[in-house]
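# fold the following.
(2 chains)
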Amino acid sequence: MALTEKELIARAEITEVLTAYAQAQDQNEWGLFDKVFTEDAVLEFPGAGIGTLSPIQLKTFLKDVFNTTRISGQHALANIIFEIDGDRARTVSEVYYFTLQTTDKEGILRRIRGNAIYVDDLVHANGEWRIRHRVTAQKNVETDDIEYAPELIAAIRDANRVRWIRQAEEIER
Amino acid sequence: MALTLQHVKDRAEISDVLHRYAQGIDQRAWDLYLSAFAEDVVIDVVGYLAAPMTPVQFKDFLITTFDRVRLSGQHLLANTLFLVSGDRAQTVTEFLAVNLERTEEAGRIRRQIAGGLYVDDLLRTAAGWKIVRRTLLRKSDDEEFSIYAETIVDAIEDTKRTSRFLAQH
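Residues are numbered from 1 along each chain as shown, chains lettered A, B, ... in the order given. Presented below is the predicted three-dimensional model:
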């Protein structure tokens, strides 16, 4: 399919929105999270046991519950299919994810690994794309407990506590 | 953020730089790896290296530390977040690394699966975008052991030995 300049730019802008979600969740960048969804967005997680959430409910769950015991995590996106129709778009993205959580046993981490697809409906309004509906459709998920050396846990925890993502005005410094 | 065609080109060119690093490391194509960097650059692996290294020092560190037993490696990149301002940029990129190593037992292979984050400062130079600082953060580091048939090991060794790039970088 031959792309126009406009379509190329729209794909880049939408990719930034999808990336912003993953970076926000994985780097605890909640200001970035706020740029991803429309206020009235609906987020479905079939089989995850957390029901259907609004963006604020998801942010609260991640920030105040799930990530409080999480020392690191990754949601790596791949193979995005774009269907863009004017100010509306559907994307389907593969995601491989893992997360490491502390347990009540020292040196033992709870590891969750899985693959899923994000099915996103986006809308372009006020000069930006945002997700207004997301389904996280699972493909596989495995949970196990794994032993990590204390110094490795400390290194991961310390590195992931730092806010690495800078603001535009900091780039020129 | 509303993007222009120039923004999209910058992102493509910067992605090329990040790919040159990963391909350079994984294919042990050291000229390709070094082409990702400007001069006077440091690489900092937080919680792993005692002090930051130059790209050449880091290359020598990888060779002397791992290559005696290294069979293959792959650093898949994802989710690059771009912040570009004029001739300067920051990118934040997830990586998932899978590395294979021989053990002392014939056919028994150690597989390392590690996730992490690259935080890069880049500068637009006369030779294009270049990394001027790289910080590598570790997120996970797991290992498994399995038995590989000799034919597979030979094929992997052939992958390692064979140069696949048309151009010399």
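
# any idea how far residue A:18 lies from residue A:92?
11 Å (CB to CB, to the nearest Å). For glycine as for every other residue, the C-beta is placed from the backbone atoms N, C-alpha and C.

# what's the overlap in contacts for those two?
With contacts taken as CB atoms under 8 Å, 6 or more residues apart in numbering or on different chains, the residues that reach both residue A:18 and residue A:92 are A:80, A:118, A:120.

# show me which of residue A:18 and residue A:92 is the more surrounded one.
More crowded of residue A:18 and residue A:92, by other CB atoms under 10 Å in any protein chain shown: residue A:18, with 23 against 15.

# from chain B, how far out is that one?
The spacing between residue A:18 and chain B, counted by CB to the nearest CB, to the nearest Å, is 8 Å.

# where is the longest strand in chain A?
Counting residues, the longest strand in chain A under DSSP state E turns out to be strand A:128-147.

# in it, what counts as buried?
Of all the residues in strand A:128-147, those buried under the rule 16 or more other CB atoms under 10 Å in any protein chain shown are A:129, A:130, A:131, A:132, A:133, A:134, A:135, A:136.

# all helices for chain A, in order.
A:5-27, A:30-33, A:55-64, A:150-161, A:168-171 (DSSP state H).

# from the chain's centre, how far out does the first one sit?
The reference is to helix A:5-27. 11 Å (CA atoms, centre = their mean, to the nearest Å).

# buried residues in it, which are they?
Taking 16+ other CB under 10 Å as the neighbour-count basis, helix A:5-27 is seen to contain the buried residues A:9-27.

# do the second one as well
Using 16+ other CB under 10 Å as the test for burial, helix A:30-33 gives A:32, A:33.

# contacts for it?
Outside helix A:30-33, the residues within contact range by CB under 8 Å, 6+ apart are A:20, A:21, A:23, A:24, A:25, A:55, A:59, A:63, A:165.

# switch the cut-off to 7 Å
Residues outside helix A:30-33 that contact it (CB atoms under 7 Å, 6 or more residues apart in numbering or on different chains) are A:20, A:23, A:24, A:59, A:63.

# and the first one, by the same measure?
With CB under 7 Å, 6+ apart as the contact definition, helix A:5-27 has outside contacts at A:29-30, A:32-33, A:35-36, A:62, A:73-75, A:77, A:80, A:82, A:84, A:89, A:91, A:93, A:120, A:122, A:129-131, A:164-165, B:1-3, B:5, B:8, B:11, B:79-81, B:92, B:94.

# now with 6 Å?
Outside of helix A:5-27, the residues that reach it under the criterion CB atoms under 6 Å, 6 or more residues apart in numbering or on different chains are A:32-33, A:35-36, A:73-75, A:77, A:82, A:84, A:89, A:93, A:129, B:3, B:5, B:8, B:79, B:81.

# go on, stretch A:136-155?
Outside of stretch A:136-155, the residues that reach it under the criterion CB under 6 Å, 6+ apart are A:45, A:47, A:107-118, B:47, B:138.

# identify the farthest-apart pair in those.
Within the contacts of stretch A:136-155, A:47 and B:47 form the most distant pair, 35.4 Å apart (CB to CB).

# neighbour count: the two, which is higher?
Comparing residue A:47 with residue B:47 by neighbour count (other CB under 10 Å), the higher total belongs to residue B:47, at 16 against 10.

# that one: what's it in contact with?
The neighbours of residue B:47, taking CB under 6 Å, 6+ apart as the test, are A:155, A:159.

# could you rerun that using 7 Å?
Counting by CB under 7 Å, 6+ apart, residue B:47 touches A:155, A:158, A:159, B:138.

# Three-state assignment for the last one, please.
What it means is residue B:138. When classified by DSSP: H, G, I helix; E, B strand; the rest coil, residue B:138 comes out as strand.

# can you tell me how far the closest residue to it other than its chain neighbours sits from residue B:85?
Beyond its immediate neighbours in the sequence, the residue positioned closest to residue B:138 (CB to CB, 6 or more residues apart in numbering or on different chains) is residue B:116, lying 4.8 Å away. Look at residue B:116 and residue B:85: by CB to CB, they are 25 Å apart.

# which one's more surrounded, those two?
The residue with the greater number of neighbours, taking residue B:116 and residue B:85 and applying other CB under 10 Å, is residue B:116; the counts read 24 against 14.

# run through the bridge partners of that one.
Applying DSSP bridges to residue B:116 yields these beta-bridge partners: residue B:95, residue B:138.

# measure how buried residue B:19 is and give me the count.
The number of residues packed near residue B:19 is 14, by other CB under 10 Å.

# what helix or strand is it on?
Element membership for residue B:19 (DSSP states H and E) is helix B:5-26.

# then that helix to PDB, C-alphas only?
Listed next in PDB are the C-alpha coordinates belonging to helix B:5-26 (Å, rounded to 0.1, in the frame of the first residue of the first chain):
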ATOM      1  CA  LEU B   5       7.500  15.300   8.100                       C
ATOM      2  CA  GLN B   6      10.800  16.500   9.600                       C
ATOM      3  CA  HIS B   7       9.800  15.000  13.000                       C
ATOM      4  CA  VAL B   8       9.100  11.700  11.300                       C
ATOM      5  CA  LYS B   9      12.500  11.800   9.400                       C
ATOM      6  CA  ASP B  10      14.300  12.500  12.700                       C
ATOM      7  CA  ARG B  11      12.600   9.600  14.300                       C
ATOM      8  CA  ALA B  12      13.600   7.300  11.400                       C
ATOM      9  CA  GLU B  13      17.200   8.500  11.400                       C
ATOM     10  CA  ILE B  14      17.500   8.100  15.200                       C
ATOM     11  CA  SER B  15      15.900   4.600  15.000                       C
ATOM     12  CA  ASP B  16      18.700   3.700  12.500                       C
ATOM     13  CA  VAL B  17      21.300   4.700  15.100                       C
ATOM     14  CA  LEU B  18      19.700   2.600  17.800                       C
ATOM     15  CA  HIS B  19      19.500  -0.300  15.400                       C
ATOM     16  CA  ARG B  20      23.200   0.100  14.400                       C
ATOM     17  CA  TYR B  21      24.100  -0.300  18.100                       C
ATOM     18  CA  ALA B  22      22.000  -3.400  18.600                       C
ATOM     19  CA  GLN B  23      23.000  -5.100  15.300                       C
ATOM     20  CA  GLY B  24      26.600  -4.100  15.900                       C
ATOM     21  CA  ILE B  25      26.600  -5.700  19.300                       C
ATOM     22  CA  ASP B  26      24.700  -8.800  18.300                       C
END
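
# all good on my end, thank you.
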